[in-house]
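Asks: A predicted structure for the sequence below; I have some questions about it.
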Amino acid sequence: MKHTLKFISSLSLLFSMFLGYAQDVPEISKNLKDTVATKKPKTETVKTAKPEIQEAQALKDSVVKTDRYGLRVGVDLYKLTRGLYDKDYKGVEFVGDWRLTKKYFLAAELGYEDKTTEDDRLTSSANGTYIKAGFDYNFYQNWLDMENLITIGMRGGFSSFAQELHSYKIYNPNPYWGELPPIATDNKYSGLTATWIEVALGLKAQVVKNVFVGFGVQLKLLTSNKEPNNFENLYIPGFNRTYDGSFGIGFNYTVSYFIPIYKKKTMASETVKKEEPKKKK
Amino acid sequence: MKKLISLLLLFTFGLSSCEKDDICDANTPTTPRLVMTFYDISSPTKTKNVTNLKVIGDGMEEGIVFNESLAEDDSLRYVTSGSTVSIPLKVNDTTATFKFIYSSLSTTAINTDVIKFNYNTQNVYVSRACGFKTIFQLKNILPFVHTDPDGDTFWMTEVDLENPNIESENETHIKVYF
């Protein structure tokens, strides 16, 4: 699990870098255009500058964007498929977001997990449902009418779950009487709850019209944790494995469908910037 | 974008550093042993060192190891000449019997007393890495039975219960005067 997580996070790191460059390049070329447009008329002939302005005006006419607003619903494929190859895991997570403004989205996740964990000295399982709600901020500058997202967001999470201890070992540093085999039990600890906050980094790309593929990582911080008597919450559905501190990590790989509900026309930011050099002359 | 990348990097490094809770730390208090302290019968406030005391559990061939560093065939490995001994009780039983052999390396001054401890156990959760520990409580009625099977007088003149709750090794549970 540890290695899977590391692999996933480094993979997402790698991808986010590529996307970072894909985003940065047009900005640089745009700035270059601006400087060319402002400097050239002053030093050299006006003729060369004129087509530049006309180009900008032409651009302005064509780049009136319509932003689509609506509801996006999807499912976490990572959790679904993990149940196929990991006999100790069953889980499902539904994701949804609602576009509030140009850049802000209300987002929520709802899920169920059943996970058996085998540690060196303990075998336990946890199962329960969870809900997470919050917002995403899309800081990706789309070209024309593309609708991809790179988001950073916050969530509040709540989980209601039960744990079961299947077997445990007694730690005895002085095994004079011999090592003991694990002790089998079926202790159930129900009515457990936990709350946490998380910072979510996400990426969603539109692969087919209205169909988005996305992945995200979440860094979590436990804020409350109702622990069982004489045991500990080793796995919290939605929060995942607990560590000595109150930090946690999560990952999802989603496929979602966007249901457009209404449209808003907006001026593309490029046209607004292009107008500034015109006024100076 | 740069900020995001550095955040992600921080995130990954942070995670790999907080992963080390898989190994049970040796300093974690786990299953305790019963601590016996020896006192001088003629001046009961002073501790007194025993001479080559060997402690063997009932049915066991070897004594409790007191000198871990010595070789397994060295007889000194199993004897102590200090004023305190720590006895591991059985975690899966409610009685444990030990032979306390005084000056076990001598042939003439050797004297064996037997103590049987009666107790209740409780398994207490420690952590993911350590699992559970067992703590003991010596019973109210007959916490221990002191006998002398050889009939060559008790070398322990008096055995007192100091603390029936065996939860840590930082305190004395049984006081022995001789």
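Replies: Yes, it's here.

Asks: Now stretch A:145-154: buried residues?
Replies: Buried positions in stretch A:145-154, judged by neighbour count with 16 or more other CB atoms under 10 Å in any protein chain shown: A:147-153. Quick note: C-beta positions are derived from backbone N, CA and C, even for glycine.

Asks: Span of it from start to end?
Replies: 26 Å (CA to CA, to the nearest Å).

Asks: Give me the residues contacting that stretch.
Replies: A:16, A:19, A:23, A:65-66, A:68, A:105, A:107, A:134-140, A:142, A:197-206, A:212, A:214, A:216, A:258, B:4 (CB atoms under 8 Å, 6 or more residues apart in numbering or on different chains).

Asks: the strands in the chain, which residues?
Replies: This is for chain A. A:64-76, A:89-99, A:104-118, A:122-138, A:149-168, A:183-208, A:211-225, A:235-236, A:240-241, A:247-267 (DSSP state E).

Asks: Switch to chain B, please.
Replies: So, for chain B - with DSSP E - the strands run B:34-39, B:53-57, B:79-80, B:84-87, B:95-102, B:111-127, B:131-138, B:144-147, B:158-161, B:165-166, B:174-177.

Asks: Please identify which of the ones you listed is closest to chain A.
Replies: strand B:131-138 (3.0 Å; CB to the nearest CB).

Asks: how about low-confidence regions in the stretch 101-250 of chain A?
Replies: Scanning the stretch 101-250 of chain A for pLDDT under 70 picks out no residues.

Asks: Around chain B, which positions in it sit nearby?
Replies: A:119-122, A:152, A:168-177, A:180, A:183, A:201, A:217, A:219, A:230-232, A:234, A:243-245, A:247, A:249 (CB under 8 Å from any CB of the partner chain).

Asks: circling back to that earlier point, now render the buried residues of stretch A:145-154 as a markdown table, adding distance to B:Ile141.
Replies: Shown next, in a markdown table, are these (distance: CB to CB, whole Å):
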| residue | distance to B:Ile141 |
| --- | --- |
| A:Glu147 | 78 |
| A:Asn148 | 76 |
| A:Leu149 | 72 |
| A:Ile150 | 72 |
| A:Thr151 | 68 |
| A:Ile152 | 66 |
| A:Gly153 | 64 |
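
Asks: Just the closest of those residues to chain B, please.
Replies: Out of the buried residues of stretch A:145-154, the member with the shortest distance to chain B (by CB to the nearest CB) is A:Ile152, at 7.2 Å.

Asks: So the closest one versus A:Phe135, what's the distance?
Replies: 10 Å (CB to CB, to the nearest Å).

Asks: likewise B:Val126?
Replies: Counting by CB to CB - B:Val126 and A:Phe135 are separated by 40 Å.

Asks: do A:Asn148 as well
Replies: 18 Å.

Asks: what's the answer for A:Tyr189, then?
Replies: For A:Tyr189 relative to A:Phe135 (CB to CB), the value is 33 Å.

Asks: in the sheet, who's paired with residue 97?
Replies: No chain was given, so I picked chain A. Per DSSP bridges, the residues bridged to A:Asp97 are A:Arg72, A:Ala107.

Asks: my bad, the chain I had in mind was chain B
Replies: Going by DSSP bridges, B:Thr97 forms beta bridges with B:Lys116.

Asks: just checking, it touches B:Asn118?
Replies: No: applying CB atoms under 8 Å, one finds B:Thr97 not in contact with B:Asn118, separated by 10.0 Å.

Asks: count of residues packed around A:Ala126?
Replies: 25 (other CB atoms under 10 Å in any protein chain shown).

Asks: so what's the nearest residue in space to it that is not next to it in sequence up against?
Replies: Using CB to CB, 6 or more residues apart in numbering or on different chains and skipping the chain neighbours, the partner closest in space to A:Ala126 is A:Tyr235 (4.1 Å). Counting by CB under 8 Å, 6+ apart, A:Tyr235 touches A:115, A:117, A:124-126, A:163, A:241-242.
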